[in-house]
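> Dropping the sequence and predicted coords here.
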Amino acid sequence: QVQLVESGGGLVQAGGSLRLSCAASGRTFIFSSYVMGWFRQTPGKAREFVAAISRSGGSTSYADSVKGRFTISRDNAKNTVDLQMNSLKPDDTAVYYCAADSSRVVETLEYLYEYWGQGTQVTVSS
């Protein structure tokens, strides 16, 4: 069984920063074999892609709305993937989810991701 556990969410003022972390575990789960992604969702809206990182960490992809402000990184030795969020805006308020995808390339489509965490709330006040 695969577990993805997010942490680091909270309340921050606009312009501030937060760092989300996702820890992956599972007896047969080989972290370095998975593309890792971050998605977010607000009430009444579909879950949307935020960022993803390749298996080696050498390739990344970002939603236009966060490009230049968010940075995704991973540590394959620790089975973790982080999302550094800077210059936060009230529009970034959402529940943020970590996800794992066994594709060979970085994907932005939600349905391709096989494993999901429970999410962590990020609230940005104006």
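Arrived safely, thanks for sending.
> Contacts only, for the residue most central in space within the chain.
Nearest to the mean C-alpha position of the chain, by CA atoms, centre = their mean, lies W38 at 2.2 Å. W38 makes contacts with L20, C22, V50, A51, A52, I72, V81, L83, Y96, Y97, C98, A99, as judged by CB atoms under 8 Å, 6 or more residues apart in numbering. (Glycine included, C-beta is placed from N, CA and C.)
> So it: helix, strand or coil?
strand (DSSP: H, G, I helix; E, B strand; the rest coil).
> Check it and give its pLDDT.
Note on W38: pLDDT of 98.
> Repeat that for A46.
At A46, the pLDDT value in this model is 95.
> same thing with Q1?
If you check Q1, the pLDDT there is 88.
> wait, it sits on G26?
Yes - with contact defined as CB atoms under 8 Å, Q1 reaches G26; the gap is 5.9 Å.
> okay, those two: which has more neighbours?
G26 (14 against 8; other CB atoms under 10 Å).
> Quick check: nearest residue in space to the more buried one, chain neighbours excluded?
Nearest non-adjacent residue to G26, counting by CB to CB, 6 or more residues apart in numbering: V2, 3.9 Å away.
> my read: V66 touches F49, true?
No - in this structure, V66 is not within contact of F49 by CB under 8 Å, at 9.6 Å.
> tell me the contacts of Y34?
Shown in contact with Y34 (CB under 8 Å, 6+ apart): A24, R55, A100, D101, S102, Y115.
> okay, now the last one: neighbour count?
Same thing as Y115. There are 18 residues near Y115, going by other CB under 10 Å.
> Many thanks, I have nothing further to ask.
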